[in-house]
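J.: What would the 3D arrangement of this be:
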Amino acid sequence: MPSWSQLAADKKQRQQKEIPQDWLITPPPETNLHITNTDVDVLLKKLASAEWSSVAVTTAFYKRAIIAQQLVNLNVNCLTEIFVERALARAAELDEALKKTGKGRRSPPWPPDIPQGSVMYKGFRNNDGLHLLDRKLRGKNAVLVDILEECGAVPFVRTNLPQTVMNTNPYNRSLTSGGSSGGEGALLALKGSPLGVGSDIGGYVLSI
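T.: Sure thing, here's the model as predicted:
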């Protein structure tokens with residue numbers, strides 16, 4: 001059986017290969033910054049009116065999430081899964097549905113969303129912060145993911161639930177983001193996603 005260090009190295013290598021080379025840290029375009037600095041309620045209106053496409057919004061947040069991952073990775077990962085093609089394909093599907101019907105699924109398209117590492121997502125492993133559990137691919141989504149997708153959300157990364165439940169705090173790297181949603185909190189603090197759903201027992205996401 002591979003050791004935990006071998007499993008971790010293999011996971012890191014597979015993750016790194018999924019990052020497009022031209023996404024490695026470079027200053028994001030002004031358009032992307034404008035999108036990622038926009039409040040969620042405004043994002044919803046622009047998506048619903050097709051002023052901004054789901055592909056454009058997903059791409060903008062994806063690039064910022066990749067930058068956040070590389071910055072926070074100086075100490076600890078904030079992301080565990082990166083699936084660019086899958087996310088952009090779903091965003092394109094939502095854009096096409098909006099073009100044809102004037103609405104996305106049950107509601108206008110939502111911004112990108114981030115399932116935490118403890119939330120089941122079809123085709124990916126769940127480890128709950130433990131390498132021994134990082135083996136079995138899930139054949140279905142958690143109910144939460146199905147609900148979000150029905151509303152038009154675009155899952156685009158999975159955030160880290162570290163083994164010690166302590167992610168690096170991007171505001172102060174000598175502190176943690178706190179809780180099992182620490183990866184999510186770090187990503188939100190760096191504006192790598194417009195929103196997230198904390199799965200901590202207390203239902204919170206900390207990034208301060």
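J.: Can you pull the poorly scored residue ranges out of the chain?
T.: By pLDDT under 70, the weakly predicted segments of the chain are 25-28, 72-77, 103-118, 127-136, 164, 199-208.
J.: Closest to the centroid, which residue in it?
T.: Among the residues of the chain, the one closest to the centroid is residue 157, at 3.0 Å (CA atoms, centre = their mean).
J.: Residue 176: what's it in contact with?
T.: By CB atoms under 8 Å, 6 or more residues apart in numbering, the residues touching residue 176 are 166, 167, 168, 169, 182. No exception for glycine: its C-beta is placed from N, CA and C like everyone else's.
J.: Touching, the last one and residue 165? I think so.
T.: Okay, so that is residue 182. Yes: Residue 182 lies in contact with residue 165 (CB atoms under 8 Å); the separation is 6.8 Å.
J.: which of these two has more neighbours?
T.: Using other CB atoms under 10 Å as the criterion, residue 182 and residue 165 rank with residue 182 on top: 29 against 15.
J.: Identify the residue nearest that one in space, chain neighbours excluded?
T.: The spatial neighbour of residue 182 that comes closest, neighbours along the chain excluded (CB to CB, 6 or more residues apart in numbering), is residue 167 at 3.1 Å.
J.: pretty sure the one you found is touching residue 183, no?
T.: Yes: with contact defined as CB under 8 Å, residue 167 reaches residue 183; the gap is 5.1 Å.
J.: Could you tell me which residues touch both of those two?
T.: 78, 160, 177.
J.: ok, now which residue in this structure is the farthest from the centroid?
T.: Computed with CA atoms, centre = their mean, the most peripheral residue in the chain is residue 1, at 30.3 Å.
J.: Ramachandran coordinates for the residue nearest to the centre of the chain?
T.: For residue 157, the backbone dihedrals (degrees, to the nearest 10) come out as phi -150, psi 170.
J.: What number of residues are in the vicinity of the residue nearest to residue 182?
T.: 29.
J.: check contacts around it.
T.: 72, 76, 78, 160, 176, 177, 182, 183, 185, 186 are the contacts of residue 167 under CB under 8 Å, 6+ apart.
J.: I am finished for the moment; much appreciated.
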